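**Student:** here is a sequence together with a model predicted from it:
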Amino acid sequence: MKESQLARRDPATQSEGVVAGYVQTSQRWPAQPLVRRPLTRSELTGPQQLLKRLTPVRGDLAGYGDKRALGQLIHIRARVVDEDGAPVPGAVVEIWHCNAAGKYIHPNDSNDAPEDPNFYGAARMVAGDSGLVELRTIKPGAYPVPDTDGWWRPPHVHFSVWGRIWLSRLVTQMFFPGDPLNDADPILQAIRDADARNRCIARLAPTAKGPQNALVYDYQIVVRGKGATPAL
Amino acid sequence: MIPTGEMTLGPFFPREFAQGSNDLVGQAKGEVIEITGRVTQADGRALDNVVLEIWQADGKGRFDSPDFFGWGRAATDADGFYRFRTIKPGAYEGRLPHINFCILYSGLMRQLQTTMFFEAGRDPVLDAVPASRRNLLVARREGTVYRFDVRLRGDDETPFFDD
């Protein structure tokens, strides 16, 4: 692949690096401008068989056997596509989110919300031929961000995705449509372009019935290019 | 520990995702090396649980090596240090030996890309960096260990690349 054929991400569709109200960003986002580099083989290739190094993890967060995690059962149909809209079969996708009460399975989560013994917070899956990854889980809760004046994270699901090349690496968050917290979230709102922001929001398939009567959400992840899903 | 805002901010990257992926050597032929470094923020504080992913060629400069898989992932410890065990990559087509780094962390709105070099010299990517900052991308050798610190912001800030 030649550099001239590779559409770069459009800065207008990406989030700001330093975000008002999110104090850590001003300690961590570089002060110097990002350097534009020529693209050579190391940027235009990427790991093709990631499962040589990463093991598959459960592809179901909603419970263990008969024991179900509490919350609204949902079925996420996430489709991984490249800059031309072509599916990326074999894309490895990592997914994690908090439980229905807004608590992560993570030692760093200080939120005083209950854990759910039947909720499993992390999945690693491989996209099928149509670039599709299907995950059964429960809808995550909202949670308050400590030491802030009324900042609630809206329900969201973290996605980490590998496209075909090093530059297609994307880590982002999927949001749920129609939640008023979306409009007040400094992270989602750090993407100024409304169309780009909307690419972070899943669509509810209102009449679809997923396995075991799950609500179905469709979500598309564009890993690169001018129409890329914003990183978050 | 006093809770701070970052504790409930993404990524609450699952710890299990970052474990067991920082040794790339396997059956590969070549010079076995260790890469380590400390990740710090603007005020100099070392950062815990920063995820670093690397992509590199094998000892002969190949990315489709039959005996080497050039991708790895590590997370920093409580003192801000990451570690990789790998083989020294070879040069290819005008590029000096190098390793691409992708850095993921809470408080980074998107991933940061940088590149570690083993020595200074002519290289189209290194040449794209302002001359006064190029030395920040060259690792310091200490025996078989290469030291490559990442300063996200502030004095001697690591150069990062547009993607």
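**Tutor:** Okay, I see it.

**Student:** residue ranges with poor pLDDT in chain A?
**Tutor:** Residue ranges of chain A with pLDDT under 70: A:1-5.

**Student:** now do chain B
**Tutor:** In chain B (pLDDT under 70), the answer is B:1-11.

**Student:** where exactly do the strands run in it?
**Tutor:** Assignment of strands within chain B using DSSP state E yields the ranges B:32-40, B:51-56, B:71-75, B:81-87, B:98-104, B:112-117, B:140-142, B:145-147, B:150-151.

**Student:** and for chain A?
**Tutor:** A:63-64, A:67-68, A:73-81, A:92-96, A:122-126, A:132-138, A:143-144, A:152-153, A:156-161, A:170-175, A:203-210, A:214-222.

**Student:** turn those strands into a markdown table, including distance to A:K52 and mean neighbour count.
**Tutor:** The way it works is simple: take the backbone N, C-alpha and C, and place the C-beta from them, glycine included. Shown next, in a markdown table, are those (distance: least, Cβ to Cβ, whole Å; neighbours: other Cβ atoms under 10 Å in any protein chain shown):
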| stretch | distance to A:K52 | mean neighbour count |
| --- | --- | --- |
| strand A:63-64 | 28 | 16 |
| strand A:67-68 | 33 | 12 |
| strand A:73-81 | 19 | 22 |
| strand A:92-96 | 11 | 23 |
| strand A:122-126 | 12 | 20 |
| strand A:132-138 | 19 | 21 |
| strand A:143-144 | 36 | 18 |
| strand A:152-153 | 34 | 20 |
| strand A:156-161 | 17 | 24 |
| strand A:170-175 | 21 | 23 |
| strand A:203-210 | 32 | 12 |
| strand A:214-222 | 23 | 20 |
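
**Student:** can I get the ones you listed in CSV including distance to B:R45?
**Tutor:** Below are the strands of chain A laid out as CSV (distance: least, Cβ to Cβ, whole Å):
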stretch, distance to B:R45
strand A:63-64, 39
strand A:67-68, 41
strand A:73-81, 35
strand A:92-96, 25
strand A:122-126, 27
strand A:132-138, 35
strand A:143-144, 24
strand A:152-153, 24
strand A:156-161, 24
strand A:170-175, 23
strand A:203-210, 41
strand A:214-222, 33
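
**Student:** break down chain B into its helices, ranges please.
**Tutor:** Along chain B, counting by DSSP state H, helices occupy B:124-127.

**Student:** chain A versus the residue nearest to the spatial centre of it, what's the distance?
**Tutor:** Nearest to the mean C-alpha position of chain B, by Cα atoms, centre = their mean, lies B:F101 at 4.1 Å. Distance, B:F101 to chain A, using Cβ to the nearest Cβ, to the nearest Å: 10 Å.

**Student:** next, the contact list for that residue, please.
**Tutor:** The neighbours of B:F101, taking Cβ atoms under 8 Å, 6 or more residues apart in numbering or on different chains as the test, are B:52-54, B:113-116, B:150.

**Student:** so how many other residues sit close to the closest residue to it other than its chain neighbours?
**Tutor:** Of all residues not flanking B:F101 in the chain, B:T114 sits nearest, at 4.9 Å (Cβ to Cβ, 6 or more residues apart in numbering or on different chains). Neighbourhood size, B:T114 [other Cβ atoms under 10 Å in any protein chain shown]: 22.

**Student:** do the same with A:R58
**Tutor:** A:R58 has 12 neighbouring residues, counting by other Cβ under 10 Å.

**Student:** isn't it right up against A:Y120?
**Tutor:** Yes - at 5.8 Å, A:R58 counts as touching A:Y120 under the criterion of Cβ atoms under 8 Å.

**Student:** so which of the strands of chain A is nearest B:A46?
**Tutor:** strand A:170-175 (22.1 Å; Cβ to Cβ).

**Student:** any idea how far that closest one is from the chain center?
**Tutor:** Mean C-alpha position of strand A:170-175 versus that of the full chain (Cα atoms, centre = their mean, to the nearest Å) differs by 2 Å.

**Student:** now check that strand, is it near chain B?
**Tutor:** Yes - if you take Cβ under 8 Å from any Cβ of the partner chain as the test, strand A:170-175 does meet chain B, through A:171, A:173.

**Student:** what sits up against that strand?
**Tutor:** Strand A:170-175 has contacts (Cβ under 8 Å, 6+ apart) with A:76, A:78, A:154-161, A:163, A:182, A:185, A:187-188, A:200-202, A:219, A:221, A:223-224, A:228-232, B:10-11, B:104, B:110-111.

**Student:** equivalent analysis for stretch A:177-190, please.
**Tutor:** A:15-16, A:19-22, A:142, A:151-155, A:173, A:175-176, A:197, A:200-204, A:232, B:9-10, B:109.

**Student:** so for B:E31, what's the nearest residue that isn't a sequence neighbour?
**Tutor:** B:K88 is the one closest to B:E31 (Cβ to Cβ, 6+ apart), at 4.4 Å.

**Student:** give me the neighbour count for that neighbour.
**Tutor:** Using other Cβ under 10 Å, B:K88 has 18 other residues around it.

**Student:** any idea how far it is from B:P66?
**Tutor:** Distance, B:K88 to B:P66, by Cβ to Cβ, to the nearest Å: 18 Å.
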